[in-house]
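Visitor: quick one, fold the following:
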Amino acid sequence: MTNNLSLIIIILIVWLIYFALHSALASHSAKRWVATHWPRFTPYYRLAYNLAATLLLIPPLWILHTSQAAPLWRWH
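Guide: Predicted coordinates:
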């Protein structure tokens, strides 16, 4: 039980970090910061954001994939 609980907590923390980074990078203040500090990069921000969002999905999905916990549901 303790092992499953620690795995659930790790998964929860990793997803919360992903959601926080995803929201922070999507915010208007992040876009303004990039426009102010790297104006030549501004046209490519959306592409970089999508790439970062995709790459940042790897850690939580990898943890879910490699965990030995029972799935919450299965598609039949």
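Visitor: and the residue positioned nearest the centre of the chain, what does it touch?
Guide: Taking C-alpha atoms, centre = their mean as the criterion, residue 18 is the residue nearest the geometric centre of the chain, at 2.7 Å. The contact partners of residue 18, taken as C-beta atoms under 8 Å, 6 or more residues apart in numbering, are 56, 57, 59, 60. From N, CA and C alone the C-beta is placed, and that goes for glycine too.
Visitor: could you flag which of those residues are buried?
Guide: If you count burial by 16 or more other C-beta atoms under 10 Å, the buried members of the contacts of residue 18 come out as 56, 60.
Visitor: which ones among the contacts of residue 18 map onto helices?
Guide: 56, 59, 60 (DSSP state H).
Visitor: quick check, residue 25 in contact with residue 52.
Guide: Yes - using C-beta atoms under 8 Å as the test, residue 25 is close enough to residue 52 to be in contact (6.2 Å).
Visitor: between those two, who's got more neighbours?
Guide: Higher neighbour count among residue 25 and residue 52: residue 25, with 17 against 13, using other C-beta atoms under 10 Å.
Visitor: mind checking pLDDT for the closest residue to the more buried one other than its chain neighbours?
Guide: Nearest-residue entry for residue 25: residue 49, 5.4 Å, with adjacent residues in sequence omitted and distances by C-beta to C-beta, 6 or more residues apart in numbering. Looking at residue 49, its pLDDT is 96.
Visitor: count the neighbours of residue 49 for me.
Guide: Residues contacting residue 49 under the criterion other C-beta under 10 Å number 16.
Visitor: want to try JSON lines for the ones in helices among the contacts of residue 18, with pLDDT and distance to residue 37 as columns?
Guide: What follows is the ones in helices among the contacts of residue 18, written out as JSON lines (pLDDT from 0 to 100; distance: C-beta to C-beta, whole Å):
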{"residue": "56", "pLDDT": "93", "distance to residue 37": "21"}
{"residue": "59", "pLDDT": "92", "distance to residue 37": "27"}
{"residue": "60", "pLDDT": "91", "distance to residue 37": "29"}
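Visitor: and those, which is closest to residue 5?
Guide: The shortest approach to residue 5 among the ones in helices among the contacts of residue 18 belongs to residue 60, at 17.6 Å (C-beta to C-beta).
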